[in-house]
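Asker: A structural model of the following input is requested.
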Amino acid sequence: MTHELGDLIFALVNLAARSDRPEYAVRQTVGRFIQRFEYIEESLKKQGRTFSETTLAEMEQLWQEAKK
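Answerer: The predicted structure follows:
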């Protein structure tokens, strides 16, 4: 698995090197991640719950809602 992960990372670096704006692509992805994570935080806050009181399945459901 480690070998395959290394190959994947190497391929992604090569792909990024051919892109005209790799940093922009990463910033967009990080921005979407932050928005979705904040959606989960706010949803749990409205329910009066914490992360430790929430199952991974419930968080996944909220993540999918945030993507819409």
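
Asker: and stretch 45-64, how far apart are its ends?
Answerer: Here the two ends of stretch 45-64 are set 17 Å apart, with distance taken as CA to CA, to the nearest Å.

Asker: which residues are contacting that stretch?
Answerer: The set of residues external to stretch 45-64 that reach it, using CB atoms under 8 Å, 6 or more residues apart in numbering, is Arg36, Tyr39, Ile40, Ser43, Leu44. In short, each C-beta sits where N, CA and C put it, glycine included.

Asker: Have a look at this protein and report its longest helix.
Answerer: The longest helix of the chain (DSSP state H) is helix 22-47.

Asker: tell me which residues in that one are buried?
Answerer: Arg36, Tyr39, Ile40, Ser43, Leu44 (16 or more other CB atoms under 10 Å).

Asker: could you point out which element follows that helix?
Answerer: Toward the C-terminus, helix 22-47 is succeeded by helix 56-67 as the next helix or strand (DSSP states H and E).

Asker: That next one vs helix 22-47, what angle?
Answerer: Between helix 56-67 and helix 22-47, the angle comes out at 120 degrees (axes from the mean of the first three to the mean of the last three CA atoms, to 10 degrees).

Asker: Can you pick out the most distant pair from the buried residues of helix 22-47?
Answerer: Taking CB to CB as the measure, these span a maximum distance of 13.0 Å, between Arg36 and Leu44.

Asker: can you list the weak-confidence ranges in this structure?
Answerer: Using pLDDT under 70 as the threshold, the predicted model of the chain has no low-confidence range.

Asker: and Leu62, how many neighbours does it have?
Answerer: For Leu62, the tally of surrounding residues (other CB atoms under 10 Å) stands at 19.

Asker: could you measure it against Glu42, distance?
Answerer: When CB to CB, to the nearest Å is the yardstick, Leu62 and Glu42 sit 10 Å from each other.
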